[in-house]
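A.B. asks: Task: produce atomic coordinates for the following.
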Amino acid sequence: MTAAGTTPDSWKEFCLIGVIPEAYPSAAGGGACIEFAGMTEDITAIDWGDRDIEGVALVNGGRVVKTMSMGDESVTLKLYPTDTLLDDGSDVANGIAQLFHPQAAEDTSYPAVADNSIYRRKFGLIILWAETLPAVADALPAESKTAYRVQVVNAYMTSYKLNYDDKVMSAEVTFKWAPFQKDAGSNKREESTDGTVQLAAAITSAISF
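C.D. replies: Model prediction:
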């Protein structure tokens, strides 16, 4: 346990992951958060994008620094799909197929079918570590509890690869986004609290904070 006003030595083991697909449920205009509980070790890759520089030589032997545009960012998660259903009535996804391949209309009943699709949708992401985790990623940790949260908007699911590691079916899923929007607004936000105050409310949209 960490006393309010102090931060832990590190964040370990468990986290909560929320995925908000754009325009899902379609009847409600989007904003439903699909919950994935996760192990921190199952976040297999985090790339916040480089902000590189390059030294440019001058005729006098000096250098000036040329700044490079920030690279795209991404996160790769290991998830455990069990079906292809996407139930827009109860905001349930026990699989990833229809998120990676959006159907013209979600298949919300069995037998659920997810055909390869030309469509894409944007996603909001919430990854939450907390001294005491709430029930879902888009809920606030309890008062006086330390927490660290990453939130992303305007992300795309760019990779979905099923595998059978350790004789258990899982999927490596990558979300990727540009660091900034067209108006230079941010697409990623990192937040923390030492427990003396609560975090702000979590995102409810795939496309804006």
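
A.B. asks: Only C-alpha atoms from now on, for both contacts and neighbour counts.
C.D. replies: OK.

A.B. asks: Centre of this protein to the edge, which residue is at the far end?
C.D. replies: For the chain, the residue at maximal distance from the C-alpha centroid (C-alpha atoms, centre = their mean) is N60, at 47.9 Å.

A.B. asks: and it, what is it in contact with?
C.D. replies: By C-alpha atoms under 8 Å, 6 or more residues apart in numbering, the contact list for N60 is empty.

A.B. asks: cool, and G55?
C.D. replies: Counted by C-alpha under 8 Å, 6+ apart, G55 has contacts 63-66.

A.B. asks: For it, pull up the helix or strand it's in.
C.D. replies: Taking DSSP states H and E as the criterion, G55 maps to strand 53-57.

A.B. asks: that older thread, closest to I20 out of the contacts of G55?
C.D. replies: Nearest to I20 among these, counting by C-alpha to C-alpha, is K66 at 37.3 Å.

A.B. asks: Mind listing residues that contact whatever helix or strand comes next after the strand holding G55?
C.D. replies: Using DSSP H and E, the helix or strand that follows strand 53-57 in sequence is strand 63-67. The set of residues external to strand 63-67 that reach it, using C-alpha under 8 Å, 6+ apart, is 51-58.

A.B. asks: With stretch 115-133 instead?
C.D. replies: 1-2, 11, 14-22, 99-103, 137-138, 141-142, 145-157, 202-203, 205-207.

A.B. asks: rerun that using 6 Å as the cut-off
C.D. replies: Residues outside stretch 115-133 that contact it (C-alpha atoms under 6 Å, 6 or more residues apart in numbering) are 15-22, 101-102, 145-156, 206.

A.B. asks: which ones among these are found in strands?
C.D. replies: Applying DSSP state E to these, the entries found in strands are 15-21, 147-156.

A.B. asks: of those residues, buried ones?
C.D. replies: Neighbour-count burial (16 or more other C-alpha atoms under 10 Å) applied to the ones in strands among the contacts of stretch 115-133 gives 15-21, 147-156.

A.B. asks: about what we covered before: quick check, nearest of the contacts of strand 63-67 to Q198?
C.D. replies: The nearest member of the contacts of strand 63-67 to Q198, counting by C-alpha to C-alpha, is R51 at 30.8 Å.
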